[in-house]
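Undergrad: Please work out how this folds:
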Amino acid sequence: MKNLKKLLCGALSLSMVLALTACGGQPAEGENREETAGGDAPIIGISQYGQHGSLDNCREGFLQGLQEAGLEEGKDYQIDYQNASFDDNMAIQIAQAFSAEDAALMVGIATPAATACYAAAEDKDIPVIFTAITDPVGAKLDSGNITGTSDVLPVEGQLELIRALQPDAKTVGIVYTTSEANSVYSIGVYQEKAADYGFTIEAVGVTAQSEVTQAVDNLIAKGVDCLSNLTDNNVVGVLGSILEKTNEAGIPVYGSEIEQMKLGCVAGAGLDYVQLGIQTGKMAAKILTGEATCQDLPYEVIENYSLYVNSKALTSLNLTLPEDIAQAAEEVGGNA
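TA: Numbers count the residues shown, from 1 in each chain. Sure thing, here's the model as predicted:
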């Protein structure tokens, strides 16, 4: 249990970070912050790298996982939730604030948030849980007082799905952020597996979200047959704008998780990020209660993936869904 002095100091430090956030043009206090009053209940600091459907689902699933493990919010833990708005510096400041308030556990949703939490937690040996990280080994988050869940993509399932829907397609276009370890790892897997399904990969790297739509224009100009979307934070953040361009060009976009299909991707082999979050929350509960340490719990992956289709988007692009896929896939209502 934390004494009152530590909690007050931690709260003051966190307020200073939020004040800096507001001054720097980021969302002001109250727009990206959720705290649950819990008295002396241990603090779980949740740092979410940015706001979009899959990361939101991870967070909601994480909270559900804690509850399914039998923990009660306000009694067994209190939540300090922060959103970095895709700003690496803000992710670092948030993590440092969690350390200053002596959080009992830090949770990093997406690689930059998890990396920042791990760095800030190291001096005090605060346990860290991550989720929505494709390559924990590449991110150097696979040892020490840290564990969590990986959202490694079912690339072969995606390529098989694209081949079934577009039998004559030759080139798959992908936009990715060159500094995002998850995306770099996934591009490598796509390039390794593509030939097995008769594809070549046309990948365009970007360094910032502002470059994404131009990269899509380049892929359209090169005549790619479709785009396959990763869980790249910069790309997902402007998916609506991407779909406007690809729909006009008559090029299908395949998503990698259910929220992308809701926005208008035609189909996808992907993960359920709520379930990923639940799995993470149950791991966190073991650590918070002392049942296990991070070292006792190697990071986990979801072995099974699901097929999602958006029939409105398929119809608008004149794509026919094979019967076997129609029977196996979950229909996702959404934009076309």
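
Undergrad: Check what contacts stretch 203-222 and list those residues.
TA: With contacts defined as C-beta atoms under 8 Å, 6 or more residues apart in numbering, stretch 203-222 is touched by 86, 171, 173-179, 187, 190-191, 202, 227, 234-235, 237-238, 241-242, 245-246, 249, 251. For glycine as for every other residue, the C-beta is placed from the backbone atoms N, C-alpha and C.

Undergrad: Which residues in that stretch does the neighbour count mark as buried?
TA: Along stretch 203-222, these residues count as buried under the neighbour rule (16 or more other C-beta atoms under 10 Å): 203-206, 209, 212-213, 215-216, 219-220.

Undergrad: same deal with stretch 307-321?
TA: With the criterion 16+ other C-beta under 10 Å, stretch 307-321 contains buried residues 307-314, 316-317, 319, 321.

Undergrad: ends of stretch 73-80, how far apart?
TA: 12 Å (C-alpha to C-alpha, to the nearest Å).

Undergrad: Report the rounded mean pLDDT for that stretch.
TA: The average pLDDT within stretch 73-80 is 97.

Undergrad: Among the buried residues of stretch 203-222, which ones are in strands?
TA: Among the buried residues of stretch 203-222, the ones falling in strands (DSSP state E) are 203-206.

Undergrad: For Val189, which non-adjacent residue is spatially closest?
TA: Nearest non-adjacent residue to Val189, counting by C-beta to C-beta, 6 or more residues apart in numbering: Val155, 4.6 Å away.

Undergrad: The one you found: how many residues sit nearby?
TA: Using other C-beta atoms under 10 Å, Val155 has 22 neighbouring residues.

Undergrad: ok, back up a step: among the buried residues of stretch 203-222, which pair sits farthest apart?
TA: Gln209 and Ile220 (18.4 Å; C-beta to C-beta).

Undergrad: what's near enough to touch the closest residue to Cys265 other than its chain neighbours?
TA: Distances taken as C-beta to C-beta, 6+ apart put Gly255 closest to Cys265, at 3.4 Å, once the chain neighbours are dropped. The contact partners of Gly255, by C-beta under 8 Å, 6+ apart, come to 229, 261, 263, 265, 267-268, 270, 308.

Undergrad: And Lys282, by the same measure?
TA: 65-66, 68-69.

Undergrad: Let me know the closest of the buried residues of stretch 307-321 to Met90.
TA: Tyr308 (31.7 Å).

Undergrad: Skipping adjacent residues, who's closest to that closest one in space?
TA: The shortest distance from Tyr308 to any non-neighbouring residue, by C-beta to C-beta, 6+ apart, is to Met261 (4.5 Å).

Undergrad: Does the one you found touch Ala267 like I think?
TA: Yes: in this structure, Met261 is within contact of Ala267 by C-beta atoms under 8 Å, at 6.8 Å.

Undergrad: if I look at the residue nearest to Val189, how far off is Asp232?
TA: 14 Å (C-beta to C-beta, to the nearest Å).

Undergrad: Kindly report the same for Ala110.
TA: Taking C-beta to C-beta as the measure, Ala110 falls 10 Å from Asp232.

Undergrad: Likewise for Gly270?
TA: Counting by C-beta to C-beta, the gap from Gly270 to Asp232 is 13 Å.

Undergrad: Neighbour count: the two, which is higher?
TA: Remark: of Gly270 and Asp232, Gly270 carries more neighbours, 28 against 24, as counted by other C-beta under 10 Å.

Undergrad: Show me what that one bridges to in the sheet.
TA: Note on Gly270: beta-bridge partners Ser306, judged by DSSP bridges.

Undergrad: correct me, but it touches Pro154?
TA: Yes: using C-beta under 8 Å, Gly270 makes contact with Pro154 at a distance of 7.2 Å.

Undergrad: before we move on, the earlier item: mind listing which of the contacts of stretch 203-222 are in strands?
TA: 171, 173-177, 202, 227.

Undergrad: where's the dip in pLDDT among these?
TA: Of all these, Thr177 has the smallest pLDDT value, namely 95.

Undergrad: What is the burial count for that one?
TA: Neighbours of Thr177 under the rule other C-beta under 10 Å: 21.

Undergrad: hey, what's in contact with both of Gly270 and Pro154?
TA: By C-beta under 8 Å, 6+ apart, Gly270 and Pro154 have these common neighbours: Tyr305.

Undergrad: Spell out the residue ranges of the strands in the stretch 51-200 of the chain.
TA: Ranges of strands within the stretch 51-200 of the chain are 78-83, 105-109, 128-133, 146-150, 171-177, 200-206, based on DSSP state E, counting those that start in this stretch.

Undergrad: gap between Gly65 and Thr149?
TA: According to C-beta to C-beta, Gly65 and Thr149 sit 10 Å apart.

Undergrad: Which residue of these two possesses the greater neighbour count?
TA: Comparing Gly65 with Thr149 by other C-beta under 10 Å, the one with more neighbours is Thr149, at 28 against 23.

Undergrad: so how far is Leu227 from that one?
TA: When Thr149 is compared with Leu227 (using C-beta to C-beta), they lie 27 Å apart.

Undergrad: Many thanks, we can stop here.
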